[in-house]
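Participant: Predicted structure and sequence below. I'll ask about it afterward.
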Amino acid sequence: MRLEDVIALVEGWYPPHRAEEWDAVGLVCGDPASEVRRILLAVDPVQAVADEAIALGADLVIVHHPLYLRGTTTVAASTSKGKVVHDLIRAGCGLLTAHTNADSPTGGVSESIALALGLQGIRPLDPDPGEPRDKIVVFVPTGDAERVRSALTAAGAGAIGDYDSASFTSSGEGRFRPLPGANPAIGAVGELEVVDEIRIEVVADRGARSAVVAALVAAHPYEEPAYEVIELAALPDQTRGSGRIGQLAAPVSLREFAALAAATFPAMAGGLRVAGDPDRTVSTVALCGGSGDFLLGAARRAGADVYVTSDLRHHPVSESLEDSLLSGGPALVDVAHWAAESLWLPVLRDRLLADDRLRSGASVHVSTINTDPWTFRV
């Protein structure tokens with residue numbers, strides 16, 4: 001595959017427009033036209049990972065964290081980040097980042113953690129709003145209905161989940177009288193006309209509204225077709241969102257759950273930090289890959305028994321435990337940032353290898369380097 005093909009594949013799963021505004025995702029270096037035969041997956045674009053990629057003979061490194069998150073004015077090899085860029089380019093290896101755009105979708109970081117913990121009934125903890133949609137209603141003579149339906153479908157209307165060409169039809173009676181200056185397809189000027197008509201209803205993404213309406217008007221036999229555009233309420237998207245929540249196969253104590261988590265995540269110098277009664281029962285588990293204290297309230301509202309995330313700070317943890325004494329709330333498990341997000345890499349590897357083009361002509365490797373910045377504990 002070419003690098004541009006791999007980018008299209010990855011960004012099809014993790015669209016760049018889904019990244020946070022402050023984020024920096026996409027291709028950092030590399031020629032989109034170059035061939036890719038060996039890919040390395042890692043969390044951090046640090047020098048050790050670049051060295052590993054070069055030793056492996058990789059043509060591409062896909063990382064979670066951006067190399068230049070806050071921008072830069074130089075890629076000089078005299079800087080640590082610039083040296084990474086120079087070394088990769090010199091070795092003919094590209095660098096691709098999927099960060100916050102890979103956090104929330106199906107097959108993303110948070111879902112990977114939930115799967116690794118063995119949760120069932122997994123769903124987003126804080127679902128993203130669904131894509132805004134319209135319902136388009138048009139009234140058309142019975143004999144012309146199929147042509148109009150086809151035009152609507154071709155313009156992108158009638159797509160629902162894994163289905164297309166979806167529409168609803170009902171029969172009725174259309175009445176109109178052409179006035180002077182009209183050029184009616186049916187009837188005569190000054191005479192009241194009654195026509196057997198079909199009401200066709202379809203849904204469409206709001207971004208396709210102009211194209212759908214234009215297709216409708218072009219395919220309709222009437223000079224002045226009657227149609228309606230109705231904006232639908234945006235419902236939560238249950239396939240993507242911040243964090244995940246699900247159920248354990250059987251309830252356990254917090255002490256037992258902490259042991260399960262410790263066995264699931266890679267061992268870290270800092271270990272796991274747990275806040276809560278070791279003997280409390282845990283059944284519902286909420287989590288968020290990366291720094292997730294912004295979802296503490298969502299975990300409490302969702303009725304989670306424990307919330308797993310990284311980089312928890314003193315005050316949010318203290319306040320959450322105090323609130324729990326009054327109104328209930330989750331115990332907390334703090335796991336090292338790298339350890340949590342590293343669970344996504346095998347999932348990404350398997351998705352890449354499921355593509356026929358990669359499976360037949362490229363290899364995908366998960367980095368063996370622990371890039372957690374904490375190295376020991378006293």
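Facilitator: Alright, I've got the coordinates. Numbers count the residues shown, from 1 in each chain.
Participant: ok, the longest strand anywhere in the chain: who's next to it in the sheet?
Facilitator: Counting residues, the longest strand found in the chain (DSSP state E) is strand 236-253. Strand 236-253 pairs in its sheet with strand 120-129 (antiparallel), strand 281-291 (antiparallel), by DSSP bridges.
Participant: residue contacts, residue 303?
Facilitator: Residue 303 sits next to residue 284 when contact means C-beta atoms under 8 Å, 6 or more residues apart in numbering. (Each C-beta comes from the backbone N, C-alpha and C, glycine too.)
Participant: Go through the strands paired with strand 236-253 and name the closest to residue 68.
Facilitator: strand 281-291 (18.1 Å; C-beta to C-beta).
Participant: Name the residues of the closest one that are buried.
Facilitator: 282, 284-290 (16 or more other C-beta atoms under 10 Å).
Participant: Could you do stretch 113-124 as well?
Facilitator: Buried, per 16+ other C-beta under 10 Å, within stretch 113-124: 113-117, 119, 122-124.
Participant: can you pull out the helices in the stretch 201-350 of the chain?
Facilitator: 209-219, 254-264, 296-301, 314-327, 337-341, 344-353 (DSSP state H, counting those that start in this stretch).
Participant: So for residue 73, which of the ones you listed sits nearest?
Facilitator: helix 337-341 (27.2 Å).
Participant: which residues are contacting the closest one?
Facilitator: Contacts of helix 337-341 (C-beta under 8 Å, 6+ apart): 43-44, 64, 109, 113, 265-268, 289-291, 308-311, 370-373.
Participant: Save the helices of the stretch 201-350 of the chain as TSV, and put in distance to residue 1 too.
Facilitator: Below are those laid out as TSV (distance: least, C-beta to C-beta, whole Å):
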stretch	distance to residue 1
helix 209-219	31
helix 254-264	32
helix 296-301	39
helix 314-327	44
helix 337-341	25
helix 344-353	10
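Participant: out of the ones you listed, deepest packed?
Facilitator: Using mean count of other C-beta atoms under 10 Å, the stretch among those with the largest mean neighbour count is helix 337-341, at a mean of 24.
Participant: Quick one: closest of the helices of the stretch 201-350 of the chain to residue 159.
Facilitator: helix 209-219 (10.8 Å).
Participant: Give me the helices and strands touching that closest one, please.
Facilitator: strand 133-141, helix 145-154, strand 226-231 (3 or more C-beta pairs under 8 Å, 6 or more residues apart in numbering; DSSP states H and E).
Participant: Go through the ones you listed and pick out the most buried.
Facilitator: strand 133-141 (a mean of 21).
Participant: Please pull up the helix or strand immediately following the worst-scoring helix or strand of the chain on mean pLDDT.
Facilitator: Lowest mean confidence among the helices and strands of the chain (mean pLDDT, DSSP states H and E): helix 356-361, at a mean of 73. Downstream of helix 356-361, the next assigned helix or strand under DSSP states H and E is strand 363-366.
Participant: low-scoring stretches of the stretch 101-250 of the chain, by residue?
Facilitator: The model of the stretch 101-250 of the chain has no residue with pLDDT under 70.
Participant: about what we covered before: do you know which of the strands paired with strand 236-253 lies nearest residue 98?
Facilitator: Taking the strands paired with strand 236-253 one by one with C-beta to C-beta, strand 281-291 is closest: 12.5 Å.
Participant: Distance from the chain centre to that closest one, please.
Facilitator: 19 Å (C-alpha atoms, centre = their mean, to the nearest Å).
Participant: Using PDB, write down the CA coordinates of that strand.
Facilitator: Extracted C-alpha coordinates of strand 281-291, given in PDB (Å, rounded to 0.1, in the frame of the first residue of the first chain):
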ATOM      1  CA  THR A 281     -19.200  -4.000  45.600                       C
ATOM      2  CA  VAL A 282     -18.200  -3.200  42.000                       C
ATOM      3  CA  SER A 283     -20.500  -4.100  39.100                       C
ATOM      4  CA  THR A 284     -20.800  -1.000  36.800                       C
ATOM      5  CA  VAL A 285     -17.500   0.300  35.600                       C
ATOM      6  CA  ALA A 286     -16.900   3.700  33.900                       C
ATOM      7  CA  LEU A 287     -13.600   4.700  32.400                       C
ATOM      8  CA  CYS A 288     -11.800   7.100  30.100                       C
ATOM      9  CA  GLY A 289      -8.400   6.700  28.400                       C
ATOM     10  CA  GLY A 290      -6.000   9.500  29.100                       C
ATOM     11  CA  SER A 291      -6.600  12.400  31.500                       C
END
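Participant: Tell me where the stretch 51-200 of the chain has strands.
Facilitator: According to DSSP state E, counting those that start in this stretch, the stretch 51-200 of the chain carries its strands in the segments 60-63, 94-97, 120-129, 133-141, 168-176, 193-205.
Participant: so how far is residue 111 from residue 204?
Facilitator: Counting by C-beta to C-beta, to the nearest Å, the gap from residue 204 to residue 111 is 28 Å.
Participant: In terms of packing, which of these two has more residues around it?
Facilitator: Legend: neighbour count by other C-beta atoms under 10 Å for residue 204 and residue 111, higher for residue 111 (27 against 23).
Participant: Among the helices of the stretch 201-350 of the chain, which comes closest to residue 70?
Facilitator: Using C-beta to C-beta, the helices of the stretch 201-350 of the chain put helix 337-341 closest to residue 70, at 17.6 Å.
Participant: Domain map for the chain?
Facilitator: 3-102+342-366, 118-127+241-335, 133-231 (automatic domain parsing).
Participant: closest one to residue 377 among these?
Facilitator: domain 118-127+241-335 (5.1 Å).
Participant: Could you pull up the mean pLDDT of stretch 27-40?
Facilitator: Mean per-residue pLDDT for stretch 27-40: 96.
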